[in-house]
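*Asks:* Structure for this input, please:
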Amino acid sequence: MLDVQGAERNRPAKSLRERADEFPSIAPWAHGDDAGFDARDASAFPEIDCVRDLLPPDLIAAAEARARAIGVGADRVLIASGALTEEIFVRSLAPDLGLRFETLENVGRARCPLNDERLIESVAAGILPLTMDDEIALVVAPRDVRHLMAAMQSNPALAQRFRLTTAERLNKFAFNYGNATLGERAARALHVRWPKLSAAPPRWRANLRFGGVTALVALLALTLAPVATRLLFELALAGVFLAWMALRLAGVFAALPRRDAFPPLHDDELPIYTIISALYREAPSIRALLESFERFDYPREKLNILLVTEEDDAETLAAIAAYRGSLTIETIVAPPIGPRTKPKALNATLPFVRGTFTVVFDAEDRPEPDQLRRALHAFRDAGEDLACVQAHLSIDNTADSWLTGIFTAEYAGQFDVFLPGIAALRLPLPLGGSSNHFRTETLRAVGGWDSYNVTEDADLGMRLARFGYRAGMIDSTTFEEAPARFWPWLRQRTRWFKGWMQTVNLRGFCSLSSPLLAFNAAEQRPSQRHRNNWRMRPCGKPPHERQRPSAQPSASFSAPSPKMNAPTTSKTQDMPQTKRIML
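*Replies:* Got it, this is the predicted structure:
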C-alpha cells in the first residue's frame, strides 16, 4: 500500500534543488534520486507514462500523490512500493523513449574503454560507456527519468547514444570485471594514502624495534637505579590512572543532552539516507534487522540500504534473497582480497553509497524509529565540522545471564553518561561499532575505515578528530544483544583490546610525536563542493574561514568526476559530455 496521508504536509511544497545549485553531473546519488524534481509541479508525471496501462488508475494516482508529497519521481514510488520491479519499469521505459534495453549479458570487458578504477566509479554513478557499432554508447541505469527525458529533448544526437539497463545488471557487470580492483581499494586505500594512519602490516617491525629499545632502557635503569626506577614506574602508572579517572569524571559532570522535541523535517526536505550493514553468518538475524529498518520514520523511497556479506556465506545471502518486505535492498559481496574484516566489507560499499548521510548498523541492532530524523536534526543545527553522530547503545537481553547484566551496566555508563559528556566537552569521541551516522562526503574524505584495525569504529573517531572534525551524540537508542556466554564474550573483549592497542599505537607513538607526521602538510583540505548541499539554514563558519588539518579526499573513495578519464582514443574523445545531465 502507498502511504499518501503520512506524506502530505499542510504547507507549500518546496523543491530539494532550491538548496543545491551545483552537483556532480554523473554522481546524482550524492544528492538523491529526486534531483531536479519539483514537488510544486502538479502536472502529470511523464516518467510513468510507459506503465500507465500496466497498473490500475487508483494506484497510479496514489503514487503521483505520494511522489508530489515527498519530492521524488513517481517511478521511485512505484518501485519502492513493490507495484512493479525496476526490470519491468526500465524495459517499458526504453521503447517509450525510443531507446534500446541493454542486458549486458554478452558484453565483454574489452567493450568498456575505462580502466577498472573508473569503471567502478562510473557504474556507481549509474552510467557505463561501451563501444557499440564503432561508437561510444552510454548504458544508463535511469535514476532521474525526468532529467534523462529533458537531456534527450535538448540534444537528440546525444539521445542516439543512450541505452537503458537496470542498476542490478550494471552492478553485476562491475562486480564481474572490477572485483579485484574493488577489493584492493577496500583493503588498502587508507594504507596507500596515509600509511602512518593505518594498522596494515608490516607495522610489527616498527613495533618490535620500539619494544626492544624500551625493554633495554628499562633493564638498564633497573640495573643501575632499581629503587628510583620502580618509583618512577609507579608514579607513571598512577598518573595514567588519575588522568583517566579525571576524564571519566569530567564526562560525568559535563552537560548531558535532553530528549527535547525537535522541529519535524518535512518529507520533501529529507535527503537520501544510506544504511549499511556488514553481515557474516547472520542468517537468523536478517528478518528482524530488516523489519527494524521498515519501522524507520523515513520515506522508504529515500532509503539506500546496502547489505554486504562474504561470498562463502550462502545462508546469509539466501536469507536476504528470501526477504519479501517493503524495502529495496542492494546486496554486495565483499571481494575475497585482503583481510576478511568488517571494515573492509564496509569499504567495499563506499563507491555505491548514494546518500548524503550514511549510518552503520550491526545484524542484531534494533534502532528507534526516529533515529534517522534525530541525526539529521543534529547535523542541521551543528556546524559543518560535525562529521559524525553516535546513537546510544543499550543491551536488550539483560536477563539472559549475569554476564549480560554486567554488560548492560557497562553500556549504560559508557553511552548514557561518559560519551555524552565527552561529546559535550568537544573531545575526540571513541565511536561505538554501531549506529554511527556520517556525512558521506567527509567519511570518504578521511579515507573510510581502516581494514586492518579490528576496532575500526574507535579508530575512525580518533581519525576524524585528527583531521579537525568532531563527533557528537544524539538522544536516540539502538538496542542490541550482548554475548551471554563466557567464550564469545572473551573473544569480543580480546578483539576490542587488540584494536585499542592498534589505535593507541597509531595515535600515540606516531600522531602525537608530530602533528603532521602522518600526512603531507602541503596537501589540500577536503573538497568543499558539496559541504552545504543539505542544510535547512546557514550554520557554522563559511568554508573559507575554516582552518583544519585536513586532506584531499583519497582517490580510492572519491566521487566520480563529471568527466570520465577514459584512455585517450578517438572513440573516447567522441564520447558525449555528461555535464549537467542527471541520469
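*Asks:* For residue 436, which non-adjacent residue is closest in space?
*Replies:* Nearest non-adjacent residue to residue 436, counting by Cβ to Cβ, 6 or more residues apart in numbering: residue 360, 5.2 Å away. Bear in mind the C-beta positions are built from the backbone N, C-alpha and C, glycine included.
*Asks:* Nearest spatial neighbour of residue 330, chain-adjacent residues omitted?
*Replies:* residue 306 (5.2 Å).
*Asks:* Using CSV, write out the CA atom coordinates for whichever strand or helix holds that neighbour.
*Replies:* Assigned by DSSP states H and E, residue 306 falls within strand 303-310. C-alpha atoms of strand 303-310 as CSV (Å, rounded to 0.1, in the frame of the first residue of the first chain):
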residue,chain,number,x,y,z
LEU,A,303,16.5,4.9,1.9
ASN,A,304,19.5,3.4,0.2
ILE,A,305,20.0,0.0,2.0
LEU,A,306,23.3,-1.8,1.4
LEU,A,307,23.9,-5.3,2.9
VAL,A,308,27.4,-6.6,2.4
THR,A,309,28.5,-10.1,3.1
GLU,A,310,31.2,-12.6,2.1
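*Asks:* what mean pLDDT does it have?
*Replies:* Averaged across strand 303-310, pLDDT comes to 96.
*Asks:* cool, stretch 117-129 as well?
*Replies:* Rounded mean pLDDT across stretch 117-129 is 93.
*Asks:* List the buried residues for that stretch?
*Replies:* Within stretch 117-129, the residues that count as buried by 16 or more other Cβ atoms under 10 Å are 117-129.
*Asks:* Please identify which pair of these lies farthest apart.
*Replies:* The most widely separated members of these are 117 and 126, with 17.0 Å between them, by Cβ to Cβ.
*Asks:* re earlier: what's the closest of the buried residues of stretch 117-129 to residue 107?
*Replies:* Nearest member of the buried residues of stretch 117-129 to residue 107, counting by Cβ to Cβ, is residue 128, at 9.1 Å.
*Asks:* Need the contact partners of whichever helix or strand residue 80 is part of.
*Replies:* Element membership for residue 80 (DSSP H and E) is helix 74-81. For helix 74-81, the external contacting residues (Cβ atoms under 8 Å, 6 or more residues apart in numbering) are 1-2, 33-34, 45, 47-48, 51, 55, 59-60, 63-64, 66-67, 70, 84-86, 89, 93, 145, 300-301, 326-328.
*Asks:* what residue ranges in this structure score low on pLDDT?
*Replies:* Applying pLDDT under 70 to the chain flags the ranges 1-43, 202-207, 255-261, 499-500, 502-583.
*Asks:* mind giving me the domain split of it?
*Replies:* Here the domain parsing of the chain from automatic domain parsing is 16-84, 203-250, 271-511.
*Asks:* in the stretch 1-150 of the chain, which spans are helices?
*Replies:* Assigned by DSSP state H, counting those that start in this stretch, the stretch 1-150 of the chain shows helices spanning 57-70, 74-81, 86-96, 116-124, 145-154.
*Asks:* Which of the ones you listed has the highest mean neighbour count?
*Replies:* The highest mean neighbour count among the helices of the stretch 1-150 of the chain, using mean count of other Cβ atoms under 10 Å, belongs to helix 74-81: a mean of 25.
*Asks:* CA atoms only: put that helix into CSV for me.
*Replies:* Below are the C-alpha coordinates for helix 74-81, written out as CSV (Å, rounded to 0.1, in the frame of the first residue of the first chain):
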residue,chain,number,x,y,z
ALA,A,74,6.6,8.6,-9.3
ASP,A,75,8.6,5.7,-10.7
ARG,A,76,10.6,5.6,-7.5
VAL,A,77,7.4,5.4,-5.5
LEU,A,78,6.0,2.5,-7.6
ILE,A,79,9.2,0.5,-7.4
ALA,A,80,9.6,1.1,-3.7
SER,A,81,6.0,0.0,-3.0
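*Asks:* circling back: the residue nearest to residue 436 contacts residue 440, correct?
*Replies:* No. Counting by Cβ atoms under 8 Å, residue 360 does not reach residue 440; the two are 11.7 Å apart.
*Asks:* Good, we can wrap up now.
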